[in-house]
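Student: Dropping the sequence and predicted coords here.
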Amino acid sequence: MTRIACVLAPAPPAAPVAVLRDLLEVALAHSPRVEEGAAAHVFLDASGLAGLFGSECALAGRLVDAARARGHDVRVAIAGSRVSALYACRMHDGVTVIEPGDDAAHLAPAPVALLDAAPELSARLDHWGIRTLGELAALPPTGLFERLGADGLRLQRCARGEDLRPLRPWAPPPIFEESMELDDAVDTIGQLVELMTPLAARIADRLVRSGLSADHFEWVCRLADRTRHEGSAVPAVPMNDSAAVALLLRASLEARPPKRAVEGVVVRARPVRVPAVQAQLMEMSRPSPRLVTAALARIAALVGAQQIGVPVMRDSHRPDAVELVAYSGAEPRAAARGVPTASLALCRFRPRVPVRVTLVAGRPVELRSRRLVGRIVNSAGPWRVSGEWWAARPWLSDEWDVELSDHVICRLAHDGSTWWLDGIYD
């Protein structure tokens, strides 16, 4: 008889990765078969644990206490399937134990909104007057398939608490590691790079033979005073080329050189499987990962590794508020993130260009700057943007979009004292 427990952190965690790690450790301490959930929840196989922890209520109480000891208030449910346990956690606080065979009856009063359904399916069910999981479970499967297809049958199985897929046991991520102990300590970067190069080559060879690449590399130096000196490097793309890996490690080592002589070296790689993608006929050719890595290494040597990263939009109303974060993998495309693609792009000047603007009846009619000079034939605005009025350095500006007589469209901004040329529309 299958019995599945779900441990759920109901509040949105501030650090979801750390919370999920704690929940995994709690679950692994009670069951050898644990599955990592998509959000802040985990599943564990609760079958056959009565000899260790007593009743299922006692097991659920131990899980709650173990999570609370790590600073997390969780909900725990034990049922006959993963979906039943998860939905029970979403329905009730504290501990819930569904008796064997009662999954469908227990879930019947729950609202359909509990399901992870697509918006169009939810709207269709609402239009039919289906409000609870019990009403959805009672629909004839043939008619449901004719109207909603396979997705409708999947939702109906979830509403009944049916889940045919077994647990996918969690396993720690694999790590490829090579190490070397030195008879004589080395104290120069050149000697250390020569030692790391064959280690990088062996790791790259293992990656190639396994059909894998690596998206993260770490190195550890054991110093003469018995302390450790560590560093890491993230390639622009996952790679398994030995020369590129050695170049990446060299750049990371030069950015964080050890302060004392080194007696031992360890190099680690986090392997990932990169699916093969066939290039499109009209798609532009991509640069070699080795060349990209070499270019990034040279740039890091000139400006510092901390000056290289990915621009990320900040949570602010301030226009073009971005910050640089460390590169951690390929960024999703805008369409995949649901960001609409713009037909007209604003190419911003950094820094902004000061400009002299002539006003007539409060509207700009002419501008002069080192970048643009011309008569304004059309203008739209102003739009006032402001923010951080509570801080020591608030910001405020009035923005205009203007068209010049030569059909150039640009963005002007006035901060109360100075006019600026903010950018040109492309």
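Tutor: Everything's here; your move. Numbering: from 1, shown residues only.
Student: Please pull out the lowest mean pLDDT helix or strand from the protein.
Tutor: In the chain, no helix or strand scores lower on mean pLDDT, DSSP states H and E than helix 289-303, which sits at a mean of 68.
Student: tell me the contacts of residue 270?
Tutor: 173-176, 214-217 (Cβ atoms under 8 Å, 6 or more residues apart in numbering). Where C-beta positions appear, they are placed from N, C-alpha and C, glycine not excepted.
Student: tell me which element it is part of?
Tutor: In this structure, residue 270 is located in strand 262-272 according to DSSP states H and E.
Student: That strand pairs with which strands, parallel or anti?
Tutor: Sheet partners assigned to strand 262-272 using DSSP bridges are listed as strand 176-186 (antiparallel), strand 213-223 (antiparallel).
Student: from these, which stretch is densest packed?
Tutor: Burial of the strands paired with strand 262-272 is given as mean neighbour count (mean count of other Cβ atoms under 10 Å); strand 213-223 ranks first at a mean of 20.
Student: Can you lay out the strands paired with strand 262-272 as JSON lines showing distance to residue 139 and mean pLDDT?
Tutor: What follows is the strands paired with strand 262-272, written out as JSON lines (distance: least, Cβ to Cβ, whole Å; pLDDT from 0 to 100):
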{"stretch": "strand 176-186", "distance to residue 139": "51", "mean pLDDT": "89"}
{"stretch": "strand 213-223", "distance to residue 139": "45", "mean pLDDT": "89"}
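Student: In which helix or strand does residue 57 reside?
Tutor: helix 56-69.
Student: To what extent is the residue nearest to residue 366 when sequence neighbours are not counted buried, counted in neighbours?
Tutor: Setting aside the residues directly before and after it, residue 366 is nearest to residue 358 in space (Cβ to Cβ, 6 or more residues apart in numbering), at 4.1 Å. Other residues within reach of residue 358 by the criterion other Cβ atoms under 10 Å amount to 12.
Student: Provide a list of residues in contact with residue 358.
Tutor: Residues in contact with residue 358, defined by Cβ under 8 Å, 6+ apart, are 364-367.
Student: And for residue 227?
Tutor: Each residue near residue 227 by Cβ under 8 Å, 6+ apart is listed here: residue 260.
Student: which of the contacts of residue 270 lies closest to residue 66?
Tutor: Using Cβ to Cβ, residue 173 is the member of the contacts of residue 270 that lies nearest residue 66, at 23.1 Å.
Student: How much space separates residue 116 from residue 24?
Tutor: Between residue 116 and residue 24 the distance, using Cβ to Cβ, to the nearest Å, works out to 21 Å.
Student: ok so the residue nearest to residue 366 is a strand residue?
Tutor: Yes: assigned with DSSP: H, G, I helix; E, B strand; the rest coil, residue 358 falls within a strand.
Student: all numbers from here: first residue = 58
Tutor: Got it, first residue is 58 now, which makes that one residue 415.
Student: if I look at it, how far off is residue 184?
Tutor: Distance, residue 415 to residue 184, using Cβ to Cβ: 59 Å.
Student: Repeat that for residue 94.
Tutor: Taking Cβ to Cβ as the measure, residue 94 and residue 184 are separated by 31 Å.
Student: okay, the two: which has more neighbours?
Tutor: Comparing residue 94 with residue 184 by other Cβ under 10 Å, the one with more neighbours is residue 94, at 16 against 8.
Student: give me the low-pLDDT residue ranges for the stretch 308-457 of the chain?
Tutor: Counting by pLDDT under 70, the ranges of the stretch 308-457 of the chain that qualify are 332-347, 350-351, 354-355, 357-358, 361-363, 376, 383-400.
Student: Can you show me the strands along it?
Tutor: For the stretch 308-457 of the chain, the strands defined by DSSP state E, counting those that start in this stretch cover 319-329, 367-370, 379-382, 403-411, 413-417, 420-425, 430-444, 452-461.
Student: The last one pairs with which strands, and in what direction?
Tutor: So that's strand 452-461. Paired strands of strand 452-461, with direction, are strand 430-444 (antiparallel), strand 466-471 (antiparallel) (DSSP bridges).
Student: want to throw the ones you listed into CSV with mean neighbour count and distance to residue 119?
Tutor: Below are the strands paired with strand 452-461 laid out as CSV (neighbours: other Cβ atoms under 10 Å; distance: least, Cβ to Cβ, whole Å):
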stretch, mean neighbour count, distance to residue 119
strand 430-444, 14, 49
strand 466-471, 21, 60
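Student: can you list those strands in CSV and add distance to residue 76?
Tutor: Formatted as CSV, the entries for the strands paired with strand 452-461 read as follows, by distance: least, Cβ to Cβ, whole Å:
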stretch, distance to residue 76
strand 430-444, 31
strand 466-471, 42
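Student: Ok, which of those strands comes nearest residue 129?
Tutor: strand 430-444 (34.4 Å).
Student: report the angle between the axes of that closest one and strand 420-425?
Tutor: Orientation note: strand 430-444 sits at an angle of 120 degrees relative to strand 420-425 (axes from the mean of the first three to the mean of the last three Cα atoms, to 10 degrees).
Student: can you list contacts of strand 430-444?
Tutor: With Cβ under 8 Å, 6+ apart, strand 430-444 has contacts from 373-376, 420-424, 451-463, 465, 469, 471.
Student: CA-only coordinates of it, as CSV, when you get a sec.
Tutor: Extracted as CSV, the C-alpha positions of strand 430-444 are listed here (Å, rounded to 0.1, in the frame of the first residue of the first chain):
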residue,chain,number,x,y,z
VAL,A,430,21.0,69.4,-33.5
GLY,A,431,17.7,70.0,-35.1
ARG,A,432,14.2,71.5,-35.1
ILE,A,433,11.5,69.6,-33.3
VAL,A,434,8.4,69.0,-35.5
ASN,A,435,6.4,66.7,-33.2
SER,A,436,6.5,66.2,-29.4
ALA,A,437,4.6,64.1,-26.9
GLY,A,438,4.7,64.6,-23.2
PRO,A,439,5.7,65.5,-20.6
TRP,A,440,5.5,62.3,-18.5
ARG,A,441,6.6,62.8,-14.9
VAL,A,442,8.5,59.9,-13.4
SER,A,443,9.7,60.0,-9.8
GLY,A,444,10.6,57.8,-6.9
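Student: Noted, bye for now.
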